[in-house]
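Student: coordinates only, sequence not included:
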């Protein structure tokens, strides 16, 4: 994801990369992202060799999933006067699970006059902000249903482990309980963001994760799965109000879904006035979309009010490929 | 449209109607919008009997199509310290066709600390802001194509005249030239908004309007059209950059499209990285969506920077049906 974002930023006349932090310590950034040439920017694994040493407006932080994991790095960047955009999923609406850390980040950012934003394709777009955009034309909303069906095949071994690909059904369910199969993180954030956009006070949010057990052999360059084992997982989030399920988000993720006739797509169905039935086929490609929205939000965030921001309140202003029009 | 917006506002706990201007002078607003009871709000046809007489934050102006038509009414409201949301199509991106009037409105609004916004389903959403929202995930964009296919059947005689329904093909084309068949207004505004969101400098924008000649009889409660005459019009806008068509917006509008197998829908196709192919079936209902987005943008506009605003820069924050969450 960091490589995709770097390559996009390098093509953009309105953006300049001045430093890079990654485990590829000592490498030139151009080589590391596959440009085949040096850029004169040396990657450091020690953040202190970059933060405070280069004049920058913003840091893109494209690691980790949970707020508590990225909190120290965000606070260090903010302390150095940088705004931050992060793909850490919980940061999509961080006060939901980490109100105290969210408060601290908000205060620190305000004190330094910078802004912090969690975004990505999901959370950040497909299952929240994009739906909220559609809700903006509605008179009444009875129920929001959305699904994002994508293909895990392009991803490597760490994603396979996170999604329990290759496990027996029993192992999958145990690993979900143990927290080693995490799958998609963000249902609570997306559901809360949608509910807030409707002024809805939910009773509760639940999540479900069950294995997608393949009945045919499935292989990718990274893994082979035999029949009877998990090709991925059915994952969903459910928001209830007055005891009724009013928000349903489904996000099944598996390798080679086409082998069992599963069609990759994004769907949104809003039951209300007007009704809205929307399909995007195939689904919006997650890798490009996540790196794209992070880079495209840079100018928007730099002009936003200081503090901890979120996608619910941020305008989607396009991709200023040919230069930013203010 | 005004009736739909009034009825929505009356249902919303976060909004209060304090005055009404319309030709139905002397009527009670509740009766006029079909509530079957009085609300204690008397409609005045003279704006001076309302503006400056009631304490209000914002005026919704749901008449006219062109900026020069609504300019005096907007300036009067702004002069009285009110923000304004208007459905006048050209106001969707008013500096495109009326830079001088746009400048004056911007200055007046800033001087009074209020904001002005043109919105609606189109311009304002389907063929611009909604597309821009999708562009926010893109790395590259080669071409933007969108179409909105809707049904004119629900509309009355004034809309039939504006769209040339019932004319011979020759009459239709002559009336387009003469400016009496206007059809959809907003292609230039929507195309400019999309181009600005991509930092594209277009060479030119063209528009096309040709009759949809029916081969079967078509009737609505308001009009009957015999074969050989216009059931509506094919309308499109085209944006060119470096001589190549890069933005295409199609918006055919006709009565009873289903009688000749035409499917109402909204489509967006973004050729780029990632590719996006989206369909909304049926199309988002225009009457509800226009009145809905006007009402839903009230709180957003009241918190925006003073001046003449536009949908490109405004966040879509949902429909705060159950109360506004800040």
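Tutor: Sure, I can see it. Note that the structure is a prediction, hence the values are computed from the model and not measured.
Student: How much space separates residue A:45 from residue A:38?
Tutor: Going from residue A:45 to residue A:38 by C-beta to C-beta, to the nearest Å gives 18 Å. To be clear about C-beta, it is placed using only N, CA and C from the backbone, and glycine gets the same treatment.
Student: How about residue A:238?
Tutor: 50 Å.
Student: got it, and residue A:14?
Tutor: Residue A:14 sits 23 Å away from residue A:38 when distances are taken as C-beta to C-beta.
Student: quick one: contacts for residue A:60?
Tutor: By C-beta atoms under 8 Å, 6 or more residues apart in numbering or on different chains, the contact set of residue A:60 is A:2, A:5, A:84, A:85, A:86, A:294, A:295, A:298.
Student: Which pLDDT value goes with the closest residue to the first one other than its chain neighbours?
Tutor: Yep, that's residue A:2 we're talking about. Excluding the flanking residues, the one nearest residue A:2 by C-beta to C-beta, 6 or more residues apart in numbering or on different chains is residue A:62, at 4.4 Å. Turning to residue A:62, the model gives it a pLDDT of 96.
Student: what number of residues lie near residue A:62?
Tutor: Using other C-beta atoms under 10 Å in any protein chain shown, residue A:62 has 21 neighbouring residues.
Student: same deal with residue A:287?
Tutor: Residues near residue A:287, counting by other C-beta under 10 Å, number 14.
Student: Surely it and residue A:2 touch.
Tutor: No: here residue A:287 does not reach residue A:2: they are 11.1 Å apart, not a contact under C-beta atoms under 8 Å.
Student: shouldn't residue A:172 be in contact with residue A:233?
Tutor: Yes: between residue A:172 and residue A:233 there is a contact at 6.9 Å, judged by C-beta under 8 Å.
Student: overlap in contacts of the two?
Tutor: Shared contacts of residue A:172 and residue A:233, counting by C-beta under 8 Å, 6+ apart, come down to A:164, A:181, A:210, A:211.
Student: In contact with the first one: list those residues for me.
Tutor: By C-beta under 8 Å, 6+ apart, residue A:164 lies in contact with A:171, A:172, A:175, A:176, A:181, A:183, A:211, A:230, A:232, A:233.
Student: From residue A:215, how far out is the fifth one?
Tutor: Spelled out, it's residue A:181. 21 Å.
Student: between the two, who's got more neighbours?
Tutor: With neighbours defined as other C-beta under 10 Å, residue A:181 and residue A:215 compare such that residue A:181 has more, 22 against 10.
Student: Check which helix or strand the more buried one maps to.
Tutor: Using DSSP states H and E, residue A:181 falls within no helix or strand.
Student: residues contacting it?
Tutor: Residue A:181 sits in contact with A:161, A:162, A:163, A:164, A:167, A:172, A:175, A:209, A:233, where contact means C-beta under 8 Å, 6+ apart.
Student: Now do the same for residue A:211: helix, strand or coil?
Tutor: Following DSSP: H, G, I helix; E, B strand; the rest coil, residue A:211 is assigned to strand.
Student: number of nearby residues for it?
Tutor: Neighbours around residue A:211, by other C-beta under 10 Å: 25.
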